[in-house]
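1. generate coordinates for the sequence data below:
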Amino acid sequence: MVTYKFVELSIVTDETITECVNEWVAQGWQLDGIRFVTSDASRRPQMAFVSFIREVSEN
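-> Presented below is the predicted three-dimensional model:
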């Protein structure tokens, strides 16, 4: 069975993304994807959602 984990980043920089990914991968999660939230007023993302997955054995 696959389990999902979503992390919301309200500050989106290369440092915050790297920290988030390294933290959750070290706990056994695999990076699934990153979705950015932008506005028409700025090209820079206002927030990001980072998704992770991992296999969980069914007992």
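2. make it CA atoms for all contacts and neighbour counts henceforth
-> Noted.
3. show me where the chain has helices.
-> Assignment of helices within the chain using DSSP state H yields the ranges 14-26.
4. where is the longest strand in it?
-> Secondary structure of the chain per DSSP state E: the longest strand is strand 42-55.
5. quick check: closest non-adjacent residue to the residue positioned nearest the centre of the chain.
-> The structure's the chain has its C-alpha centroid closest to Val50; by Cα atoms, centre = their mean the separation is 1.5 Å. With sequence-adjacent residues excluded and distances taken as Cα to Cα, 6 or more residues apart in numbering, Val50 is closest to Ile34, at 4.5 Å.
6. let's see the pLDDT reported for the one you found.
-> pLDDT for Ile34: 98.
7. OK, contacts around it?
-> Contacts of Ile34 were listed using Cα atoms under 8 Å, 6 or more residues apart in numbering, and they are Ala48, Phe49, Val50, Ser51.
8. how about a markdown table for the residues you listed, with distance to Ser39 added?
-> Putting these into a markdown table (distance: Cα to Cα, whole Å) gives the following:
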| residue | distance to Ser39 |
| --- | --- |
| Ala48 | 12 |
| Phe49 | 15 |
| Val50 | 18 |
| Ser51 | 21 |
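9. the longest strand of the chain - what's its average pLDDT?
-> Strand 42-55 comes out at a mean pLDDT of 94.
10. thought the residue nearest to the centre of the chain was touching Ser10?
-> No: contact criterion Cα atoms under 8 Å: Val50 and Ser10 do not qualify, at 11.1 Å.
11. wait, doesn't Gln46 sit right on Val12?
-> Yes: counting by Cα under 8 Å, Gln46 sits close enough to Val12 to count as a contact (6.9 Å).
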